[in-house]
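>>> I would like to see how this sequence folds:
(one chain, ligands or ions: 1)
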Amino acid sequence: MGIEIRGINKFFGDFVALEDINLSIPSGQLTALLGPSGGGKSTLLRIIAGLESSDSGTVEIEGVDTTNVPAQKRNVGFVFQHYAAFKHMTVAKNIAFGLEIRKRPKQEVKDRVQELLKLVHLEQWSDRLPSQLSGGQRQRMALARALAIEPSVLLLDEPFGALDAKVRKELRDWLRRLHDEVHVTTVFVTHDQEEALEVSDSLVVINEGRIEQIGSPDDLYDRPASDFVLSFLGPVTRLGDHLIRPHDIEISRYEQAATATGKISRWTRVGFEIRLEVTPDDTLHPDPIQVVVTRAEATALGLHDGDQVWLRPQAGVEPVRG
Ligand SMILES: Nc1ncnc2c1ncn2[C@@H]1O[C@H](COP(=O)(O)OP(=O)(O)OP(=O)(O)O)[C@@H](O)[C@H]1O
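Coordinates of the predicted model:
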């Protein structure tokens, strides 16, 4: 059950925005659609919501074919990056809106709004106007409003995209906890790999209108299906003929069986980690190799700028041929 997407194609004129998308999104999970800008994530989300039609293919929500069902009848909750709240209505009224237009009994609306205000930690702001809230509080109100109608799916399009890094981080932790409480099937669009890896149960990587890979955060990070997924999910560097993550390289000051040898040509400390650039001796592969170690490792190994070092993949790491 959950959401079943089969054979979706979408064109804007001659431009192929989505090509043969097949995807099963399980009930109750938080799934991220991740990929670079313009890859087609929002278009797919809008097709699930019914805000955009596809040129072919079907969308099923909880076992019901909704391909030709209008958006307002799909029972989906939607939150955009820039949430359009009713400016003249209080927070409580904004949250109640969906229930009131569905003509739910007054007491039920009141109780549900209280419950939601509590869920999104906005109880003391219920009588404020949206303009009197911070950006993060406004997005939490948007989520409460989307959840009010008890949607079968919650669709979030870069909901924290317009907020600063610290608030984003807080809200993504909060969203994860909220989802653990509410368990509504949620699809979350983001182009931020860290956000996707941290928040979601499963990830769908979309690039140029196609699905590159579907899997858990661990699957994608440790077993990327392509160079694209490998590079998109975190930093990579070239070691000999292979691509590898900089922290997966073993570095030694002593001669040993190695994939490459060279000199530490750059040394940057960022918080607890040290990012090294090693210029290889091999003139066939002259590009600097990035290596990341912790401060403690750098001290224990006695590394210094300018040292000759030997590099190889850490035990158990399988680099990808690139
Ligand atoms: N209504 C439209 N008319 C024409 N082209 C469109 C329309 N909507 C989207 N596109 C194009 O389709 C492609 C996919 O857009 P989409 O918004 O789905 O990408 P995205 O992955 O969500 O990117 P972003 O993260 O930047 O929002 C883009 O190249 C975009 O320019």
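
>>> can you count the residues close to the residue of the stretch 151-300 of the chain found nearest the ligand?
Here the stretch 151-300 of the chain gets closest to the ligand at one residue, residue 191, 4.8 Å apart by C-beta to the nearest ligand atom. For the C-beta atoms, the positions are set from N, CA and C on the backbone; glycine is no exception. By the criterion of other C-beta atoms under 10 Å, residue 191 has 18 neighbours.

>>> contacting residues for it?
Going by C-beta atoms under 8 Å, 6 or more residues apart in numbering, residue 191 touches 34-37, 41, 158.

>>> If we check the ligand, which of these are in contact?
Contacts with the ligand within those, counted by C-beta under 6 Å from any ligand atom: 35, 37, 41.

>>> Need the phi and psi values for the closest residue to the second one other than its chain neighbours.
Put plainly, it is residue 37. Closest residue to residue 37 apart from its sequence neighbours, by C-beta to C-beta, 6 or more residues apart in numbering: residue 191 at 5.8 Å. The phi/psi pair for residue 191 (degrees, to the nearest 10) reads phi -110, psi 10.

>>> And for residue 207?
According to degrees, to the nearest 10, residue 207 has phi -140, psi 130.

>>> and it, what are its bridge partners?
Assessed by DSSP bridges, residue 207 has beta-bridge partners residue 210.

>>> OK, contacts around it?
Counted by C-beta under 8 Å, 6+ apart, residue 207 has contacts 35-36, 39, 228, 232.

>>> Let's see that with 6 Å instead.
Contact analysis of residue 207 by C-beta atoms under 6 Å, 6 or more residues apart in numbering lists 35, 39, 228.

>>> Give me the buried entries from these.
For these, a neighbour count by 16 or more other C-beta atoms under 10 Å gives the buried set as 35, 39, 228.

>>> Using a markdown table, lay out those residues together with secondary structure.
Output for the buried ones among the contacts of residue 207, formatted as a markdown table (DSSP: H, G, I helix; E, B strand; the rest coil):
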| residue | secondary structure |
| --- | --- |
| 35 | coil |
| 39 | coil |
| 228 | helix |
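
>>> Pipe these into CSV and attach distance to residue 3 and pLDDT per row.
Formatted as CSV, those follow (distance: C-beta to C-beta, whole Å; pLDDT from 0 to 100):
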residue, distance to residue 3, pLDDT
35, 18, 93
39, 19, 94
228, 24, 91
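
>>> for these, which one is nearest residue 71?
Among the buried ones among the contacts of residue 207, residue 39 lies closest to residue 71 (C-beta to C-beta), at 22.5 Å.

>>> what's the distance between that closest one and residue 53?
20 Å (C-beta to C-beta, to the nearest Å).

>>> next one: phi and psi at residue 118?
Dihedral pair for residue 118: phi -70, psi -40, per degrees, to the nearest 10.

>>> Same check on residue 141?
Dihedral angles (degrees, to the nearest 10) for residue 141: phi -60, psi -40.

>>> Pretty sure it sits against residue 92.
No - checked against C-beta atoms under 6 Å, the pair residue 141 and residue 92 is beyond contact range at 9.5 Å.

>>> So the two - more neighbours on which side?
residue 141 (26 against 22).

>>> Now the more buried one: closest residue in space, sequence neighbours ignored.
residue 91 (5.4 Å).

>>> For that neighbour, report the pLDDT, please.
On pLDDT, residue 91 comes in at 95.

>>> Run through the residues of this protein sitting next to the ligand.
So far as C-beta under 6 Å from any ligand atom goes, the chain lies against the ligand at 12, 17, 35, 37-43, 191.

>>> try 8 Å
Residues of the chain found near the ligand (C-beta under 8 Å from any ligand atom) are 12-13, 15, 17-18, 33, 35-46, 52, 157-158, 189, 191, 206, 209.

>>> Give me the buried subset of the residues you listed.
17-18, 33, 35, 39-46, 52, 157-158, 189, 191, 206, 209.
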